[in-house]
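Student: no letters, just coordinates:
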DNA sequence: GATCCACGGGAATACACGGATG
DNA sequence: CATCCGTGTATTCCCGTGGATC
């Protein structure tokens, strides 16, 4: 059953049109093939990458801008198209039996959020470059690196690696990235993507170009929202005026705006409406924490941590007055078969990452005062995306 | 047999408070 | 008054173990 069918199924027999046609089209973590409103950034990236059209490698680059400004959307879309273009104009790198070497650089996109070890990084790059799938086990990091050297040794033009989400909590920082690339042959360059301004990261010591991305202007963000409405919702599902309200609230952050749209749509759907009204939007804006952490980070956590979060979002806030109480509430659920000690440690770890937040409660006379656990991500969106996943 | 990495579990450490002590 | 101490919690830290896969 695909997504549309499931939704129809849950809703029962359709009387008229469904409000939500496709949740994934509303998701802040999915990107459109052609992101709206980011044309100028795309142009600057193409300027930077210009050498590839002569079969040369571009220098290292750094794309930077605030949360929700469309960096990932632009880079994933661009790398997709470039890889298609590139593989169309060169002989194949995939099999080592071919003596001919590519004349146009290849393109590999790596999201560091899901790639947190040295092994995983080299693995992902190699996996993108060869046809056969690369094993995750029973092969050493060194072996993977050797194979990469073999493969890239055959390539005259080399490879550009887009490295997204540099220097977030739990991802590689500038220095580690430099180290990782030191393990690769010299015909590899990077396009790093991150939020840290260029004057505050060691990355720019190694990059020729820094390309800034500004937050979305109001009207652009309204367009972003309305585009998603037409992709994922019924016709006329969202008034232009409400889209403006969402955009104003989100202050240029497309992630937050789309989370709000998603949440409002879910509220309306559950109430059996065929359009989103003002109260749905109010409810949505009320339940999304600001500042929010990216859902992309939440959905890239190890499966068991997500299971813990899935229980957490359904827990009554009354039961979250301390980490210990929250742990008990989660452990009681039978869908979590982790020990209480582990659940508790997860909560602390996720607080460390900013996924949840510990807020000190008023001190009870005895012992160290506990801290309340609060969400730092949009719960409705997470709940829905988690449940819809296979 | 090798390899990577998530898990588990608890030990070690930090903190808050009230009361005792110098 | 300043400091120390004991008690009860909260929080952090560490490392061996085992599953999964080749």
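Tutor: Ah, there it is. The structure displayed is predicted, hence computed values, not measured ones. Numbering: from 1, shown residues only, chains lettered A, B, ... in the order given.
Student: what sits against the residue sitting nearest the centre point of chain A?
Tutor: Closest to where the C-alpha atoms of chain A average out (CA atoms, centre = their mean) is residue A:296, at 3.2 Å. By CB atoms under 8 Å, 6 or more residues apart in numbering, the contact list for residue A:296 reads A:28, A:29, A:72, A:111, A:113, A:165. Every C-beta, even on glycine, is put in place using the N, C-alpha and C of the backbone.
Student: redo that, cut-off 7 Å
Tutor: Contacts for residue A:296 (CB atoms under 7 Å, 6 or more residues apart in numbering) come out as A:29, A:113.
Student: doesn't it lie inside a helix?
Tutor: Yes: the assignment for residue A:296 is a helix, going by DSSP: H, G, I helix; E, B strand; the rest coil.
Student: which residue does the stretch 101-250 of chain A have closest to DNA strand C?
Tutor: At 2.6 Å from DNA strand C, residue A:138 is the closest residue in the stretch 101-250 of chain A, using CB to the nearest atom of the strand.
Student: quick check: the gap between the residue nearest to the centre of chain A and DNA strand B.
Tutor: 16 Å (CB to the nearest atom of the strand, to the nearest Å).
Student: hmm, back to that, and the residue of the stretch 101-250 of chain A closest to DNA strand C, that one's in a helix?
Tutor: No: counting by three-state DSSP, residue A:138 is not found in a helix; it is coil.
Student: quick revisit: okay, the residue nearest to the centre of chain A and residue A:81: tell me how far apart.
Tutor: Residue A:296 sits 21 Å away from residue A:81, taking CB to CB, to the nearest Å as the criterion.
Student: before we move on, what about residue A:64?
Tutor: Taking CB to CB as the measure, residue A:64 falls 22 Å from residue A:81.
Student: equivalent analysis for residue A:295, please.
Tutor: In this view, residue A:295 and residue A:81 are 25 Å apart by CB to CB.
Student: of these two, who's got more company?
Tutor: Comparing residue A:295 with residue A:81 by other CB atoms under 10 Å, the one with more neighbours is residue A:295, at 20 against 14.
Student: close enough to count as contact, that one and residue A:30?
Tutor: No: contact criterion CB atoms under 7 Å: residue A:295 and residue A:30 do not qualify, at 10.2 Å.
Student: which stretches of the stretch 201-350 of chain A form strands?
Tutor: For the stretch 201-350 of chain A, applying DSSP state E, counting those that start in this stretch gives strands covering A:209-212.
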